[in-house]
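J.: just coords:
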């Protein structure tokens, strides 16, 4: 039986809403940033009208999710007559990034954006799998040391170089916000929680830091960061993962 999220019957409505920017959105995820942080920031940067749904009893709702995981996205047309659903964080992010113009101006730029974003996603997933994914303190300590001397400085060096090559203007591609910028913005807190300011700081990595300050200066992103939801998610993130 086809899960409603994958039902071909939603294709026509999906195609219709894919270019609409006046829809309303609901992001279903736990009460922290985690794997929904990028999605929420894309919506904020795009000026979207969205709300957050935090399951009160995830164990009960889990069986009805496409893969038994969240985040999930629900989009409703402005008039409320049409609704579509998207599952899996990567698919959600790419769908929203394309909708709100965060994938570049042409095929080449879109490929660049996706390349930078994919490299950041790989590091994010590695950090979660190797460090946050275990409760064994010895295993965590070794993972932290290994990443702090290997994959993290590798990411920092490459991304600082590529951002500098684009003029250190706070963007990876051209002079506009992209999914790559938003991905980097979201990984910085995680990386600093593992390495402090040994590898990433305003003085040591000015091009990377410019991505952070540029995104945070956007009025719609600034407004999102001032909401009660954002503050509550940041507090839970700090308590659960060790960084806001």
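T.: Received it, and whenever you're ready, just let me know what you need. Predicted, not measured: the structure shown is a model, and the values here were computed from it.
J.: Who are the contact partners of residue 104?
T.: Counting by CB atoms under 8 Å, 6 or more residues apart in numbering, residue 104 makes contact with 110, 111, 112, 113, 173, 174, 178. For glycine as for every other residue, the C-beta is placed from the backbone atoms N, C-alpha and C.
J.: What subset of those residues is buried?
T.: Using 16 or more other CB atoms under 10 Å as the burial test, these include 110, 112, 113, 173, 178 as buried.
J.: does the third one really touch residue 103, like I thought?
T.: In other words, residue 113. Yes. Between residue 113 and residue 103 a contact is recorded at 5.4 Å, counting by CB atoms under 8 Å.
J.: what do the two both touch?
T.: Counting by CB under 8 Å, 6+ apart, the residues touching both residue 113 and residue 103 are 97, 178, 179.
J.: hang on, the last one packs against residue 45?
T.: When you say that, I think you mean residue 179. No. Using CB under 8 Å, residue 179 is not in contact with residue 45; the gap is 9.9 Å.
J.: So which of these two has more stuff around it?
T.: Neighbours were tallied for residue 179 and for residue 45 using other CB atoms under 10 Å; the higher tally belongs to residue 179 (30 against 25).
J.: Just list the residues touching the closest residue in space to that one that isn't next to it in sequence, thanks.
T.: Nearest residue to residue 179, sequence neighbours excluded (CB to CB, 6 or more residues apart in numbering): residue 97, at 4.0 Å. Applying CB under 8 Å, 6+ apart, we find residue 97 in contact with 42, 103, 113, 178, 179, 182.
J.: From these, which land in strands?
T.: Counting by DSSP state E, none of the members of the contacts of residue 97 fall within strands.
J.: and those residues as a markdown table, adding distance to residue 209 and pLDDT?
T.: Putting the contacts of residue 97 into a markdown table (distance: CB to CB, whole Å; pLDDT from 0 to 100) gives the following:
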| residue | distance to residue 209 | pLDDT |
| --- | --- | --- |
| 42 | 21 | 98 |
| 103 | 24 | 98 |
| 113 | 20 | 98 |
| 178 | 17 | 98 |
| 179 | 19 | 98 |
| 182 | 15 | 98 |
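J.: so what sits against both of residue 179 and residue 45?
T.: In terms of CB under 8 Å, 6+ apart, residue 179 and residue 45 are both contacted by the residues residue 102.
J.: okay, now residue 203: neighbour count?
T.: Residues lying near residue 203 (other CB under 10 Å) number 7.
J.: cool, and residue 36?
T.: A total of 24 residues lie near residue 36 under the criterion other CB under 10 Å.
J.: The residue nearest to residue 179 and residue 38, how far apart?
T.: Distance, residue 97 to residue 38, using CB to CB, to the nearest Å: 9 Å.
J.: Show me whatever sits in contact with both of the two.
T.: In terms of CB under 8 Å, 6+ apart, residue 97 and residue 38 are both contacted by the residues 179, 182.
J.: Apart from its chain neighbours, what residue comes closest to residue 127?
T.: Nearest one to residue 127, counting by CB to CB, 6+ apart, is residue 190 at 5.8 Å.
J.: what sits against the one you found?
T.: 124, 127, 241, 243.
J.: Show the residue spans covered by the strands in this structure.
T.: Under DSSP E, the chain gives strands at 24-28, 49-53, 72-76, 83-87.
J.: what angle do the first one and strand 83-87 make?
T.: If I follow you right, that is strand 24-28. 30 degrees (axes from the mean of the first three to the mean of the last three CA atoms, to 10 degrees).
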